[in-house]
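*Asks:* after the sequence you'll find the predicted model.
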Amino acid sequence: MMPHSTPSRQPHARISLIGLLGSLLLALPALTAAAVPATPLMTLYKFNGPLEMPFYSIGANGPGSPAGSLAQGTSVIPCLVVRNGRALTDAKGTPYVGFEVVVDPSKHNGQAATRKFEQIFAERASLKVENHHCDSSVRYVLNVRDLYVLKKPPFFDPPGKGDPAAAERAGKTELDKIIRVFHNSPECAAVDRDAIGRRARLASAWNRFIAKHDGRWDATTLARAKHLDYSMRTAIFEGHLDRGCTAYGACERNVVVLSIRNRGVGQCLKRQGCKFPGDFQGISSDVGQYNIWDAYLTQISGLTSCYLRTDLANQGDYPLYQGIYSQSVGDAETILYGGTAALTTLFPGNSLNDLTELRHYYHPPAMGKCFPQHQRVEYMSGAVAEKGSDHVLIANTRIQVDDRVGSGYRFKAFRFDQEGPIDAVRVEDNYPGFIVDGRKVSLGGGGGCTPYGVSSGCRFSNIGRYRRTPSWLTAGKPLALNCRIQDRGASCSGSGREHSVTVGGACDIDMMPVSGVH
């Protein structure tokens, strides 16, 4: 019986195998369809630009007429409008993208807006899709050049209020007391309730606070407190918050305040925000000089918040902000109002002339990124890549350009993370088989890069990153500023130990004060 049973089982096995392979083949499109990263959550942003930015109707061969506007800081999910096998672009290949609004800062506020942004950002970062096509319901498009992948969510102070009397008791000087009372006042509480217009609302809040308390403190003292508050806000958020209350971090803040002081004492230029001698408020909050005061950037930081509220002393990042403020406010008051002679005490070993001539600085890590050690790396503000009938959006990112195919190029995603002094680079083949529009590829290389973004004369045994330098760097003298500071550590929780530190000099890769620039 065995010879007869074997043949009867073999066809059975072949049929089962064929069926299994058929099932796998049928399932294969479903397994491979979700092949590329979804478009990220992107934010409508133009530095120091108009509050409202236009969107357009969809035209036959590009964007049509303006159809409305969205507020700067609006976060959207973009998609590609594909008609008759072609993605909607202008004549140079720049795509105009459809969009779904996620958070509109003119309508949405509070912790709900923050959570929604964070949730959608995380979901989009892990999502895989077949392509980036819009569905047929999309009627309007945005210029992709105005969209950026910005990770920080909208920032709002949590609900609650502080204790003005307790805040005043915590102050060390009269100006410090007034600032703390302001941060715990109803006037301050109104500033960050909405995302739009925070810079103007902070100015109005101080004006109302001063009018309310003009019988308690004299006008000069109140005005000085306001100017000191603005200078401290700028110094804290211009500096590297992760340095906290380290000696270097505190010295860095003193350098920022010194630059503000020197723009308002002995020199008062309208183009630098100065309306009258001693206008530290106007100088420190001038968007063109200290770009953290840009309308959108105030939406995502605590710059205009009431960060000294007593009820926030144990919440989130507020203990850090409060520790940094407490460490630096005394030095800042001395720099602004302590007279010229006091400067050499705060910056021992530096000449008075150098100190009073310092009006400019920059942070090399924050300058333009460049990668001369890697070949054929290009920044894409916005381009379309195709693979058969599928189109994907390549925007606000860098790519490594590979071989040419027809009218475009194969490419890979070029990613990097700034890890201390190093740009940790990785190349990812996230869009296999896709060809990017050759009109958006220049292969021109980049110039103006130096190791770490400092003087080209600096020499390093190992180079971890490259950055561009400001045009005015060679017009002045890089200055090394000395400080003796009570170092309380990055968390601001240390007891404090006096530490000597130097910020700047020709080859400081973190901060570069420059004197003598006009």
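*Replies:* Cool, got the structure. Quick caveat: nothing in here was measured; it's all calculated off a predicted structure. Residues are numbered from 1 along each chain as shown.
*Asks:* give me the number of residues near Ala200?
*Replies:* Taking other C-beta atoms under 10 Å as the criterion, the count of residues near Ala200 is 12. C-betas here are computed from N, CA, C, even on glycine.
*Asks:* next: Leu303.
*Replies:* For Leu303, which is what you asked about, the neighbour count (other C-beta under 10 Å) is 24.
*Asks:* and what of the one 3 residues further on?
*Replies:* Residue neighbour count, defined by other C-beta under 10 Å, stands at 25 for Cys306.
*Asks:* same deal with Val36?
*Replies:* Val36: 21 surrounding residues under other C-beta under 10 Å.
*Asks:* which residues are in contact with it?
*Replies:* 128-132, 392, 430-431, 434 (C-beta atoms under 8 Å, 6 or more residues apart in numbering).
*Asks:* so which of those sit within strands?
*Replies:* Secondary structure of the contacts of Val36 is defined by DSSP state E; positions in strands are 128-129, 392.
*Asks:* about what we covered before: and which of the contacts of Val36 is nearest His363?
*Replies:* The shortest distance between His363 and any of the contacts of Val36, using C-beta to C-beta, involves Asn430 and amounts to 30.7 Å.
*Asks:* do you know the pLDDT at the closest one?
*Replies:* Asn430 is assigned 95 on the pLDDT scale.
*Asks:* now list the buried members of the ones in strands among the contacts of Val36.
*Replies:* Members of the ones in strands among the contacts of Val36 that pass the buried threshold by neighbour count (16 or more other C-beta atoms under 10 Å) are listed as 129, 392.
*Asks:* mind putting the ones in strands among the contacts of Val36 into JSON lines with pLDDT and distance to Arg309?
*Replies:* Formatted as JSON lines, the ones in strands among the contacts of Val36 follow (pLDDT from 0 to 100; distance: C-beta to C-beta, whole Å):
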{"residue": "Lys128", "pLDDT": "96", "distance to Arg309": "43"}
{"residue": "Val129", "pLDDT": "97", "distance to Arg309": "43"}
{"residue": "Val392", "pLDDT": "98", "distance to Arg309": "46"}
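*Asks:* what lines up beside the helix or strand hosting Glu100 in the sheet?
*Replies:* For Glu100, the element it lies in under DSSP states H and E is strand 96-103. Paired with strand 96-103 in the same sheet, following DSSP bridges, are strand 75-80 (antiparallel), strand 140-143 (antiparallel).
*Asks:* among the ones you listed, which comes closest to Ser301?
*Replies:* Between Ser301 and the strands paired with strand 96-103, the shortest gap by C-beta to C-beta is with strand 75-80, which sits at 15.8 Å.
*Asks:* centre of the chain to the closest one, how far?
*Replies:* Relative to its chain's centre, strand 75-80 lies at 19 Å (C-alpha atoms, centre = their mean, to the nearest Å).
*Asks:* offset the numbering so it begins at 374, please.
*Replies:* Sure, I'll start numbering at 374, so the last one becomes strand 448-453.
*Asks:* circling back: in CSV: the strands paired with strand 469-476, plus mean neighbour count and distance to Ile882.
*Replies:* Supplementary listing: the strands paired with strand 469-476 in CSV, determined by neighbours: other C-beta atoms under 10 Å; distance: least, C-beta to C-beta, whole Å:
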stretch, mean neighbour count, distance to Ile882
strand 448-453, 23, 33
strand 513-516, 22, 36
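*Asks:* need those strands in a markdown table (columns: mean pLDDT and distance to Phe490).
*Replies:* Listed next are the strands paired with strand 469-476 as a markdown table, based on pLDDT from 0 to 100; distance: least, C-beta to C-beta, whole Å:
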| stretch | mean pLDDT | distance to Phe490 |
| --- | --- | --- |
| strand 448-453 | 98 | 6 |
| strand 513-516 | 96 | 18 |
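*Asks:* check contacts around Leu414.
*Replies:* 448-450, 475, 490, 493-494, 497, 522.
*Asks:* tell me the pLDDT at it?
*Replies:* At Leu414, the predicted lDDT confidence score is 98.
*Asks:* check Asn557 too.
*Replies:* 98.
*Asks:* list the contacts for it?
*Replies:* Residues near Asn557 by C-beta under 8 Å, 6+ apart: 534-537, 539-540, 679, 681-683.
*Asks:* out of those, who's nearest Leu601?
*Replies:* Here the nearest of the contacts of Asn557 to Leu601, counting by C-beta to C-beta, is Leu681; it sits at 12.5 Å.
*Asks:* any chance you could map the strands in the stretch 424-573 of the chain?
*Replies:* Along the stretch 424-573 of the chain, the segments classed as strands by DSSP state E, counting those that start in this stretch run 425-431, 436-444, 448-453, 455-456, 459-460, 469-476, 501-502, 513-516, 520-521.
*Asks:* next one: the stretch 774-891 of the chain
*Replies:* Counting by DSSP E, counting those that start in this stretch, one finds strands in the stretch 774-891 of the chain at the ranges 781-792, 795-801, 808-810, 822-824, 839-841, 850-851, 853-860, 870-877, 885-888.
*Asks:* mean neighbour count and distance to Pro721 for these - can I get that in a markdown table?
*Replies:* Formatted as a markdown table, the strands of the stretch 774-891 of the chain follow (neighbours: other C-beta under 10 Å; distance: least, C-beta to C-beta, whole Å):
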| stretch | mean neighbour count | distance to Pro721 |
| --- | --- | --- |
| strand 781-792 | 17 | 32 |
| strand 795-801 | 14 | 33 |
| strand 808-810 | 22 | 56 |
| strand 822-824 | 21 | 30 |
| strand 839-841 | 20 | 30 |
| strand 850-851 | 16 | 19 |
| strand 853-860 | 20 | 6 |
| strand 870-877 | 16 | 8 |
| strand 885-888 | 25 | 16 |
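*Asks:* how long is stretch 410-423 from one end to the other?
*Replies:* End-to-end distance of stretch 410-423: 31 Å, with C-alpha to C-alpha, to the nearest Å as the criterion.
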